[in-house]
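Got a predicted structure plus its sequence, pasted below:
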Protein chains: 2
Amino acid sequence: MNIPKLPDILEAAERIKSQIHRTPVLTCAGLDEESGAQMYLKCENFQKTGSFKFRGASNAVKCLKTDEAARGVSTHSSGNHGAALACAAAIRGIPAHIVVPENAAQPKQESILRYGGQITHCAPTLEARETTLAEVVQKTGAVVIPPYNDFNIISGQGTAAFELLEEIENLDALIAPVGGGGLLSGSAICAKALRPEIKIWGAEPEQADDAKQSLDAGLIIPANPNTIADGLQTSLGPLTFEIIRNHVEDILTVSEAEIIQAMRTIWERTKIIIEPSAAVSVAALLRYPKKFIGQKVGIILTGGNLDLDRLPF
Amino acid sequence: MNIPKLPDILEAAERIKSQIHRTPVLTCAGLDEESGAQMYLKCENFQKTGSFKFRGASNAVKCLKTDEAARGVSTHSSGNHGAALACAAAIRGIPAHIVVPENAAQPKQESILRYGGQITHCAPTLEARETTLAEVVQKTGAVVIPPYNDFNIISGQGTAAFELLEEIENLDALIAPVGGGGLLSGSAICAKALRPEIKIWGAEPEQADDAKQSLDAGLIIPANPNTIADGLQTSLGPLTFEIIRNHVEDILTVSEAEIIQAMRTIWERTKIIIEPSAAVSVAALLRYPKKFIGQKVGIILTGGNLDLDRLPF
């Protein structure tokens, strides 16, 4: 397997620099007092398209050779990766064909359209998504950009942790949520290379704990998710599994109620909007305080896209 | 009348610097495209205690002489000024007695308590607020810190506009909401002194348009508010009226539906939480686009405190 290393992430950071937002790192004295840890919130909810996914998509699209790019890009996505890819493609001036399950959240579909993506609907099953994507590729010749199990995607996602460690010195720990594992993989490679003593934690809903199960079993267990954290419903891939089991301390799981409470806490105390998937890392810190007490903890808030008509509180 | 001038605001800025957050200025390419203006959002929702009110309170409390301060401070407030004063008093190590109408929003009361303020409840009328405050002052000897019609408060509130103009050059216009007029007064004095060609606009709910009526009539018309923008229910005072009619272009009024829509737009597109009162300025820009098209417009987002259990959408 061709696994990205720190230089690949540094190259990605340089490559995408002019396209991405360098997102702020937020602190909250009140939350620190309550949690006993110093939290450094890397606000990828402020990233272009509203999630960290734009980093990987931007890197992958920029890495395409001219003749590949001319064919356009394609993926299947119910959310943030689709919008991110549409935006990255629009910047390069090439078409993006996004296969979207017909039950995907309306705001996320609107976001794909806003960035100029072309939507093809399919039934809401993994099989239908893959079949429909194959048809789209057959018809258009577009290059498939996968959502997480991919060298360039992982390298791009790792750039958020790079910025965080560049800005905040001496972090003791870093928490990122895990769905397919692209963000956690990229973060772990980057942070461990820059600061070997740092502990990397994954965070996952109890009701979508396939990454935790996979680490415990030593092989990839497919996801069977039932969670409000709609960005964390995918299973690990061979690349992300390999990276995570080599670099990550453990996966911390949290309940649905804890996710919703953590989301509300962040909204109320820091005045920023994060989606449920982003709240999972905060929930993990609050649920396992003994692991983090007295520490400087980096937390990647992954995104801020959600349907305001369907809030869980 | 003793009206603050630019040097007073600069002194206040220096005085409160170590206590306040220097809040970020946010831009949003998508919103600019839709509105035809370049919007620079000064994020006072990220200010300590969640609103710009902390600037004025911090300045007023710091200006107290030692023997005055020893008596503690007091005010009546249904919201942000109370929490701001409690926090400023706590930092100086003196008590803050806040008279709060019994129907005030629960989260705002909790915020006053969190910062160590001591609450005395009263009936929800202006008369009851003033009578109860007088009783509290009689009993405690505390110094009353008024919410807006005050030299030190206006000077403190003006520091947000100072930071904004320091950071963003060549602003064509500045919009701030108007309730009692402390923020709009301070902003107008500061911005007009630094950049005489800038146009200052007030923004106000149609259903609490007493400032608009007052300017048109040439005298203070008391408020008779019925608006979701709970921070804008107060009437102008002699000081703020005088400053506003000398420096402000006009007051732009917006409907309740426009306030709610603007608030939702900011939440969805910029991923930050603003309260209805803060959305009024954005609503004004969106309702009167011809006044702002092609311009660089500073907007002070005043606060982010609201009850997530009672969202208007």
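All right, it came through fine.

what secondary structure does residue A:176 sit in?
Three-state assignment for residue A:176 (DSSP: H, G, I helix; E, B strand; the rest coil): strand.

now it: how far from residue B:151?
Separation of residue A:176 from residue B:151 (Cβ to Cβ, to the nearest Å): 50 Å. Using the backbone N, CA and C atoms, a C-beta is placed for each residue, glycine as well.

which one of these two has more residues nearby?
residue A:176 (33 against 17; other Cβ atoms under 10 Å in any protein chain shown).

which residues sit in contact with that one?
Neighbour list for residue A:176: A:161, A:183-184, A:187, A:200-203, A:281, A:299-300, A:302 [criterion: Cβ atoms under 8 Å, 6 or more residues apart in numbering or on different chains].

repeat that with 6 Å
Counting by Cβ atoms under 6 Å, 6 or more residues apart in numbering or on different chains, residue A:176 makes contact with A:183-184, A:187, A:300.

Which SSE is immediately downstream of the helix or strand harbouring residue A:134?
For residue A:134, the host element (DSSP states H and E) is helix A:126-140. Sequence-wise, the next helix or strand downstream of helix A:126-140 (DSSP H and E) is strand A:143-144.

How far does that following strand sit from its chain's centre?
Centre-to-centre, strand A:143-144 and its host chain are 20 Å apart (Cα atoms, centre = their mean, to the nearest Å).

Over to stretch A:164-183?
Distance, stretch centre to chain centre, for stretch A:164-183: 11 Å (Cα atoms, centre = their mean).

Straight-line length of it, end to end?
Stretch A:164-183 stretches 13 Å from its first residue to its last (Cα to Cα, to the nearest Å).

cool, and stretch A:115-131?
This stretch, stretch A:115-131, spans 24 Å end to end (Cα to Cα).

swap in stretch A:114-126?
In stretch A:114-126, first residue to last residue: 25 Å (Cα to Cα).

how about that stretch, does it reach chain B?
No. Using Cβ under 6 Å from any Cβ of the partner chain, we find that stretch A:114-126 stays clear of chain B, coming within 7.4 Å at best.

Let me see the ranges of the strands in chain A.
Taking DSSP state E, the strands of chain A run over residues A:25-26, A:38-43, A:73-76, A:96-101, A:118-122, A:143-144, A:173-177, A:199-205, A:250-254, A:296-301.

most packed of those strands?
Mean neighbour counts were compared across those using mean count of other Cβ atoms under 10 Å in any protein chain shown; the top stretch is strand A:173-177, at a mean of 28.

Report the strands that pair with that strand, each with its relative direction.
Counting by DSSP bridges, the strands paired with strand A:173-177 are strand A:199-205 (parallel), strand A:296-301 (parallel).

could those strands go into JSON lines alongside mean pLDDT?
As requested, those are exported to JSON lines (pLDDT from 0 to 100):
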{"stretch": "strand A:199-205", "mean pLDDT": "98"}
{"stretch": "strand A:296-301", "mean pLDDT": "98"}
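
what's around residue A:44, how many residues?
31.

any idea how far it is from chain B?
Distance of residue A:44 to chain B, given as Cβ to the nearest Cβ, to the nearest Å: 10 Å.

and the residue nearest to residue A:239 when sequence neighbours are not counted, what is it in contact with?
In space, and not counting its chain neighbours, residue A:239 is closest to residue A:149: 5.0 Å by Cβ to Cβ, 6 or more residues apart in numbering or on different chains. For residue A:149, the contacting residues are A:237, A:239-240, by Cβ under 6 Å, 6+ apart.

Many thanks, we can stop here.
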